[in-house]
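Colleague: I would like to see how this sequence folds:
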Amino acid sequence: MATPATHDNLPAPVEGLILTHFLTVRDVATSRDFYAGVFGGEVVLDENPGIVKIANSWIIMNPGGGPTPDKPDISLAAPQPGGTVSSFLNVRVADIAAFYAQATAKGAEFLTEPLDRKAELRCYMRDPDGYLIEIGQATGMLEGVFADPPADSGQ
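Modeller: Here you go, the predicted structure:
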């Protein structure tokens, strides 16, 4: 079980704001363990909601559900299987080869090995609920070299 949450490890700013990412998950314990294990995160709260602090960010996870008074007509559900996504988590690392090796050793499954995209090296993985996660390392963009636009972008 996680240690009791304190103000220092909860996503609760004293001033200004912080940005967290909320995931609707099928099983909080499975997702919590994935994010804590693969990304070396700190479990801040086990459930209701599950919260994992990773570097300078937090992943908040809870099961789906129907509308609530503060979000009428909105239901939350984990992603459905398939290839279409509307958003994804973008993780930037200093050494993608090291991260890829460590995450693979911990059981993470990637869609491909890291590929050179001119501006960056990047690859993608999925979490236990199917959320897409991009892992990237800035390379060429640090020197003004950027990726080519997609072929169908009209640019």
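
Colleague: Low-confidence regions, the chain specifically.
Modeller: Applying pLDDT under 70 to the chain flags residues 1-7, 153-155.

Colleague: per the record, what domains does it have?
Modeller: Domain ranges of the chain: 1-65, 79-155, per automatic domain parsing.

Colleague: what pairs with the one residue sitting closest to the centre of the chain across the strands?
Modeller: The centroid of the chain falls nearest to Leu89 when counting by Cα atoms, centre = their mean (4.0 Å). In this structure, Leu89 bridges to Ile133 when assessed by DSSP bridges.

Colleague: what sits against it?
Modeller: His21, Tyr131, Leu132, Ile133, Glu134 (Cβ atoms under 8 Å, 6 or more residues apart in numbering). C-beta coordinates here come from the backbone N, C-alpha and C atoms, glycine included.

Colleague: Can you flag the buried ones in those residues?
Modeller: Taking 16 or more other Cβ atoms under 10 Å as the criterion, what is buried in those is Tyr131, Leu132, Ile133.

Colleague: Most tightly packed of the domains of the chain?
Modeller: Stretch with highest mean neighbour count among those: domain 1-65 (a mean of 16; mean count of other Cβ atoms under 10 Å).

Colleague: ok, which stretches of the protein are helices?
Modeller: Listed in chain order, the helices of the chain (DSSP state H) span 28-39, 96-105.

Colleague: Can you tell me which of the ones you listed is nearest to Arg126?
Modeller: Taking Cβ to Cβ, helix 28-39 is the member of these nearest to Arg126, at 10.0 Å.

Colleague: export that closest one as CSV, just CAs?
Modeller: Taking C-alpha atoms only, helix 28-39 is exported to CSV below (Å, rounded to 0.1, in the frame of the first residue of the first chain):
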residue,chain,number,x,y,z
VAL,A,28,-6.9,0.9,-11.3
ALA,A,29,-4.4,-1.5,-9.7
THR,A,30,-3.1,-2.8,-13.1
SER,A,31,-2.7,0.7,-14.5
ARG,A,32,-1.2,2.1,-11.3
ASP,A,33,1.4,-0.7,-11.3
PHE,A,34,2.2,-0.2,-15.0
TYR,A,35,2.9,3.6,-14.6
ALA,A,36,4.8,3.2,-11.4
GLY,A,37,6.9,0.3,-12.7
VAL,A,38,7.6,1.3,-16.3
PHE,A,39,8.1,5.0,-15.6
